[in-house]
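1. pasting the sequence and the predicted coordinates here, then a few questions.
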Amino acid sequence: MSDKWLLFCPVLPATPSSPRVTVWRRMRSAGAISLDNGLWLLPNTELAANLIQELKVYVREQGGTCKTFRTNAFDPETEAAIYTQGRKDRAEEYKEFKEQCTDFLNELEKEQRLGNYSFAEYEENEEDLHKLEIWYGKIQQRDFLGGNPAEEAATWLQQCREALQKFAAEVFAREQHDLSDHDNSMTQA
């Protein structure tokens, strides 16, 4: 049986706290599962191994030490707990992502109700959608378990894309209408 997990065990001085925060942020960003007392678990992948190598150098530069292991869970209960924690971490992120998608759709709905089909409004919403897509990509990268929340998030993002396409079509249709009205008034003058 090949080793399924990488266990990262950094020990940093108590002060300053910024190196510990940096390690915490980098590990969370990678989707690592936080175990007791600053221990971190990642799936045994090349990407995770590279991150751990980088962090080992960083920890040592900060006056700390670290140990790393390739490992497996000792028993099914431990493995289940790892998966439960990983799914819980990602579910929280996907929940926040869904809330942001809801806000995006509500904003588009509001602009449509107000008849605000300006190109500037389209660009602003296009930028917001781009941010959602980047965020979704980051969550996907650290979601090594997948599952229903990931599928729901993909559906929400697709709804946002479709809503923006519909909004864009209306913006461009009105723009074309305004141009043709302008052209007609110029030829009549």
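-> Sure thing, it's come through.
2. and stretch 111-122, how far out from the chain's middle?
-> 27 Å (Cα atoms, centre = their mean, to the nearest Å).
3. which positions in that stretch come out as buried?
-> Using 16 or more other Cβ atoms under 10 Å as the test for burial, stretch 111-122 gives 111, 117, 121-122. Where you see a C-beta, it was placed from the backbone N, CA and C, and this is true even at glycine.
4. all the helices of the protein, in order from the start?
-> For the chain, applying DSSP state H gives helices covering 18-29, 46-61, 76-114, 119-142, 148-188.
5. which helices and strands sit right next to the last one?
-> Based on contacts counted as 3 or more Cβ pairs under 8 Å, 6 or more residues apart in numbering; DSSP states H and E, the elements that helix 148-188 packs against are helix 76-114, helix 119-142.
6. wait, which of the ones you listed is closest to residue 167?
-> The closest of the helices and strands packed on helix 148-188 to residue 167 is helix 76-114. By Cβ to Cβ, the value is 5.4 Å.
7. distance from that closest one to the middle of the chain?
-> 10 Å.
8. in it, which residues are buried?
-> Neighbour counts over helix 76-114 (16+ other Cβ under 10 Å) mark 82, 86-87, 89-91, 93-94, 97-98, 100-101, 104-105, 107-108, 111 as buried.
9. with stretch 49-69 instead?
-> If you call a residue buried by 16+ other Cβ under 10 Å, then stretch 49-69 has these buried ones: 51-52, 55-56, 58-59, 62, 64, 66, 68.
10. keeping just the C-alphas, turn it into PDB.
-> Provided in PDB are the C-alpha atoms of stretch 49-69 (Å, rounded to 0.1, in the frame of the first residue of the first chain):
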ATOM      1  CA  ALA A  49       5.400  17.700  -1.600                       C
ATOM      2  CA  ASN A  50       6.800  20.900  -3.300                       C
ATOM      3  CA  LEU A  51       4.800  23.100  -1.000                       C
ATOM      4  CA  ILE A  52       6.100  21.300   2.000                       C
ATOM      5  CA  GLN A  53       9.700  21.600   0.700                       C
ATOM      6  CA  GLU A  54       9.200  25.300   0.400                       C
ATOM      7  CA  LEU A  55       7.700  25.600   3.800                       C
ATOM      8  CA  LYS A  56      10.500  23.500   5.400                       C
ATOM      9  CA  VAL A  57      13.000  26.100   4.100                       C
ATOM     10  CA  TYR A  58      10.900  29.000   5.300                       C
ATOM     11  CA  VAL A  59      10.400  27.400   8.800                       C
ATOM     12  CA  ARG A  60      14.200  26.900   9.100                       C
ATOM     13  CA  GLU A  61      14.800  30.500   8.000                       C
ATOM     14  CA  GLN A  62      12.500  31.600  10.800                       C
ATOM     15  CA  GLY A  63      14.500  29.700  13.400                       C
ATOM     16  CA  GLY A  64      12.100  26.800  13.600                       C
ATOM     17  CA  THR A  65      12.300  23.100  12.900                       C
ATOM     18  CA  CYS A  66      10.100  20.700  11.100                       C
ATOM     19  CA  LYS A  67       9.600  17.100  10.400                       C
ATOM     20  CA  THR A  68       7.700  15.500   7.400                       C
ATOM     21  CA  PHE A  69       6.300  12.100   6.900                       C
END
